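Peer 1: any chance you can model this:
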Amino acid sequence: MNDRISTLLKREPSSEILTAEGWVRTKRESKNVCFLELNDGSTLKGLQIVIDKEALDDQELLDSITTGSSVIATGTIVASQGQSQAVEMSASSLTLVGACPPESYPLQKKRHSLEYLREIAHLRARTNTFGAVTRVRNTLSWAIHQFFQQRGFVWVHTPIISASDAEGAGQMFQVTTLDLANVPKTGEGQVDWHEDFFGRQAFLTVSGQLEGETYATALKNIYTFGPTFRAENSNTKRHLSEFWMVEPEMAFCTLEGNMAIAEEFLKYLFTSVLEHCTEDMAFFSSFVEAGMSDTLGRIIESPFVHLTYTDAVKELEKYNDRFEYPVSWGIDLQSEHEKFITETIAKSPTIVTDYPKEIKAFYMKLNDDGRTVRGMDVLVPRLGEIIGGSERESDYDTLVTRMGQMGLDPADYWWYLDLRRFGTVPHAGFGLGFERLVQYVTGMANIRDVIPYPRAPRLADF
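Peer 2: Below you'll find the predicted structure:
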C-alpha cells in the first residue's frame, strides 16, 4: 500500500519517487503550473500537488480534473515554496481515476451547513468537519478496547435480538417475520406469537447489560461494545434510535469500585484523544466549541467529586429560582440540574449516587434505608450525565420484589434470576452512550452529526 497523505506530509524532501492517492479538494492554475490539493481522509490538511504544464504536456487531462475527482499522483516530495505547507509533491505523472462533474457535485468550495450535509450523508465524510469527527470516533473506539483489554476484561458480544427489556421502559423495536397484512390471531383475538420466527415476541436490544451480567458471573470482568436501539419518539439533538453502547460488568465489585473504574475510564479516553487527535481537536476548539481541548484537559486533572442524590437536591433547592424545572427530592434530575452541579456547586466532574428507587431500574441494589438504590450518574461540565451505572441487586428475594414493584413478570427473567440462585456475588457495572461521548469530545451540537448514518423518527435514509 502507498503512504497515506498524513505520512507524506511528514516526509523530508528527497529524490525518492512516491505515490499520492486521494480526492481533489481544490484546483488552481496559472499559465505554466497547476496546483491540486489532494486529500485522502487521513488528515485535515491536504497535500499540494504541483504540476509543471510544460513537462506534463496534457492540458486536456488537467481540464478534466475538477473538485471531487479521484487522482493518483507520482513524484518527489520537495520543500514547498508556499507558506501554508512545509512540503509538497512535484508530480512527474498524473492519473485521473474517477471524474467528477462540477455542475452536479454537491460539495463546492464553500462552507456548507450541517443541516445540508445531513441530506448528503454519503458524501459528508469528505468535508473537514466530518473527517475529523470520524477520526476522533475511531480513536475513541480503539481506546475503549485498549482500556479494558489492558485490565484483563473480556469483550463479550451480546445479542442484537432480545426477548427481554433491560430497562423496563417498553420503548423497543419489534422484530417479526409475520405478514403484517394477515397477522395470525389466537382464539381470543390476540396476535399468535407462536407463529412468529422465534415463537415469541422479540425485539432489538436496548442494552446488553443483562446478558453481560451472566458472563461477568463466570469471567469476572467483561465489557460489551455494540449497537443498541430505542423506539423513543424523540427528535432532540441528544437522541438517536440506533446508537452504540459501552457496558462493562464486574463481579466481586461494589459501587465504590464501579465509581473508581468509571472515573479512570473517562480520563483514559480523554487523554487518548488529546494525544492522538491533536490536529482534529485543535480544529474543533477553533471552529466548533471554543476551548474543547482545555475542557478535556481540566477533567483529566480533576478528582471527581462524590455527592449523594439527597445532598445534591439540598444544594440545588437553594437555586430553584434559576431552573426551568424546580428541584425536590424524588424527581429525576434534568440536564440543567446536572450541569449546574458540575459548573457551580462542585465546580468539578461529579458522581451522584444513591438515587430514589422509584426513578431507577429494577436491577439496582437497594440500600439499607429501603428508599434509595446504589446507583450512580457521572456528570461532566457542559453536558451533565455521561455515564450511568450501579451496583446490581444480588439478593434473589429482593430482586423478585423489585420486579413486582416495577410491573415486570419474574418468569420472563428466570435466567437472570438464576445468577442470584447459583453462586451470587456483589457485582456492578455502567453504561456509556458512545455517540454522547463523541458529541461531548468534539463539541458537535447535534448527535446526528457524530454517527455516519443517523437513525431517528422518520429518518432511515442511506
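Peer 1: how about Thr19: what's its closest non-neighbour residue?
Peer 2: Distance criterion Cβ to Cβ, 6 or more residues apart in numbering; nearest residue to Thr19, sequence neighbours excluded, is Asn2 at 4.4 Å. Any C-beta I mention is one placed from the backbone N, CA and C, and that applies to glycine too.
Peer 1: what do you get for Glu289?
Peer 2: Nearest to Glu289 is Gly443, by Cβ to Cβ, 6+ apart, at 2.5 Å.
Peer 1: pLDDT value on that neighbour, please?
Peer 2: Note on Gly443: pLDDT of 96.
Peer 1: ok, now how distant is it from Gly433?
Peer 2: 16 Å (Cβ to Cβ, to the nearest Å).
Peer 1: just Ala20 next, same as before
Peer 2: Per Cβ to Cβ, Ala20 is found 38 Å from Gly433.
Peer 1: farthest residue from the center of this structure?
Peer 2: Glu54 (49.8 Å; Cα atoms, centre = their mean).
Peer 1: so it is in which element?
Peer 2: helix 53-56 (DSSP states H and E).
Peer 1: name the helices or strands packed onto that helix?
Peer 2: The elements that helix 53-56 packs onto, with contact taken as 3 or more Cβ pairs under 8 Å, 6 or more residues apart in numbering; DSSP states H and E, are helix 59-64, strand 87-98.
Peer 1: what would the ones you listed look like in JSON lines with mean pLDDT?
Peer 2: Shown next, in JSON lines, are these (pLDDT from 0 to 100):
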{"stretch": "helix 59-64", "mean pLDDT": "95"}
{"stretch": "strand 87-98", "mean pLDDT": "97"}
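Peer 1: could I get these as a markdown table with mean neighbour count and distance to Ala456?
Peer 2: Shown next, in a markdown table, are the helices and strands packed on helix 53-56 (neighbours: other Cβ atoms under 10 Å; distance: least, Cβ to Cβ, whole Å):
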| stretch | mean neighbour count | distance to Ala456 |
| --- | --- | --- |
| helix 59-64 | 12 | 40 |
| strand 87-98 | 17 | 32 |
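Peer 1: same list, those, but as TSV with distance to Lys357 please.
Peer 2: Putting the helices and strands packed on helix 53-56 into TSV (distance: least, Cβ to Cβ, whole Å) gives the following:
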stretch	distance to Lys357
helix 59-64	69
strand 87-98	60
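Peer 1: ok, Ala20 and Gly433, which is more surrounded?
Peer 2: Set side by side, Ala20 and Gly433 show more neighbours around Ala20, with 25 against 22, by other Cβ atoms under 10 Å.
Peer 1: now the angle from the helix or strand where the more buried one lies to strand 87-98?
Peer 2: Using DSSP H and E, Ala20 maps to strand 18-29. Per axes from the mean of the first three to the mean of the last three Cα atoms, to 10 degrees, the angle that strand 18-29 makes with strand 87-98 is 90 degrees.
Peer 1: average pLDDT for strand 18-29?
Peer 2: Looking at strand 18-29 alone, the average pLDDT works out to 96.
Peer 1: buried residues of that strand, list them for me.
Peer 2: 18, 20-25, 27 (16 or more other Cβ atoms under 10 Å).
Peer 1: now swap in stretch 309-326 and tell me
Peer 2: Neighbour counts over stretch 309-326 (16+ other Cβ under 10 Å) mark 309-310, 312-313, 315-316 as buried.
Peer 1: how far does that stretch stretch from one end to the other?
Peer 2: 15 Å (Cα to Cα, to the nearest Å).
Peer 1: same thing with stretch 443-454?
Peer 2: By Cα to Cα, one end of stretch 443-454 lies 17 Å from the other end.
Peer 1: now that stretch: buried residues?
Peer 2: 443-444, 447-451, 454.
Peer 1: so which of these sit within helices?
Peer 2: Among these, no member is found in helices (DSSP state H).
Peer 1: could those residues be laid out in CSV, adding distance to Asp165?
Peer 2: Output for the buried residues of stretch 443-454, formatted as CSV (distance: Cβ to Cβ, whole Å):
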residue, distance to Asp165
Gly443, 33
Met444, 30
Ile447, 23
Arg448, 25
Asp449, 29
Val450, 26
Ile451, 23
Pro454, 23
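Peer 1: sorry, back to before: which ones are touching the residue nearest to Glu289?
Peer 2: Listed by Cβ atoms under 8 Å, 6 or more residues apart in numbering, the contact set of Gly443 reads 284-285, 288-289, 292.
Peer 1: what of Ser15?
Peer 2: Applying Cβ under 8 Å, 6+ apart to Ser15 gives the contacts Thr76.
Peer 1: before we move on, what about Tyr363?
Peer 2: Tyr363 neighbours (Cβ under 8 Å, 6+ apart): 166, 209-210, 390, 392-393, 399, 402.
Peer 1: 6 Å instead, please
Peer 2: If a contact means Cβ atoms under 6 Å, 6 or more residues apart in numbering, then Tyr363 has 392-393 as its contacts.
Peer 1: and it, its phi and psi?
Peer 2: Note on Tyr363: backbone dihedrals following degrees, to the nearest 10 are phi -90, psi 0.
Peer 1: same check on Glu336?
Peer 2: phi -60, psi -30.
Peer 1: on the pLDDT front, check it for me.
Peer 2: pLDDT at Glu336 comes out at 96.
Peer 1: ok, now which ones touch it?
Peer 2: Contacts of Glu336 by Cβ under 6 Å, 6+ apart are Phe323.
Peer 1: use 53 as the first number from now on
Peer 2: Understood, numbering begins at 53; the last thing we discussed is Glu388.
Peer 1: do a quick rundown of the helices in the chain.
Peer 2: Going by DSSP H, the chain shows helices at 57-60, 105-108, 111-116, 166-171, 180-202, 261-271, 307-328, 330-339, 344-353, 361-369, 387-392, 448-457, 466-473, 486-494.
Peer 1: ok, Val493 - contacts?
Peer 2: Taking Cβ under 6 Å, 6+ apart as the test, what Val493 contacts is Val325.
Peer 1: can you name the residues bridging to the closest residue to Val235 other than its chain neighbours?
Peer 2: Distance criterion Cβ to Cβ, 6+ apart; nearest residue to Val235, sequence neighbours excluded, is Val243 at 5.8 Å. Beta bridges link Val243 to Lys237 when assigned by DSSP bridges.
Peer 1: any idea how many residues pack against Val243?
Peer 2: Val243 is flanked by 14 other residues according to other Cβ under 10 Å.
Peer 1: Asp332 against Ala184, yeah?
Peer 2: Yes - Asp332 is within contact range of Ala184, at 4.0 Å (criterion: Cβ atoms under 6 Å).
Peer 1: could you list the low-pLDDT ranges of the stretch 253-402 of the chain?
Peer 2: Applying pLDDT under 70 to the stretch 253-402 of the chain picks out no residues at all.
Peer 1: quick one: the closest residue to Met496 other than its chain neighbours and Ala177, what's the gap?
Peer 2: Spatial nearest neighbour of Met496, excluding adjacent residues (Cβ to Cβ, 6+ apart): Val502 at 5.3 Å. Note on Val502: its distance to Ala177, by Cβ to Cβ, is 12 Å.
Peer 1: check Thr396 too.
Peer 2: When Thr396 is compared with Ala177 (using Cβ to Cβ), they lie 38 Å apart.
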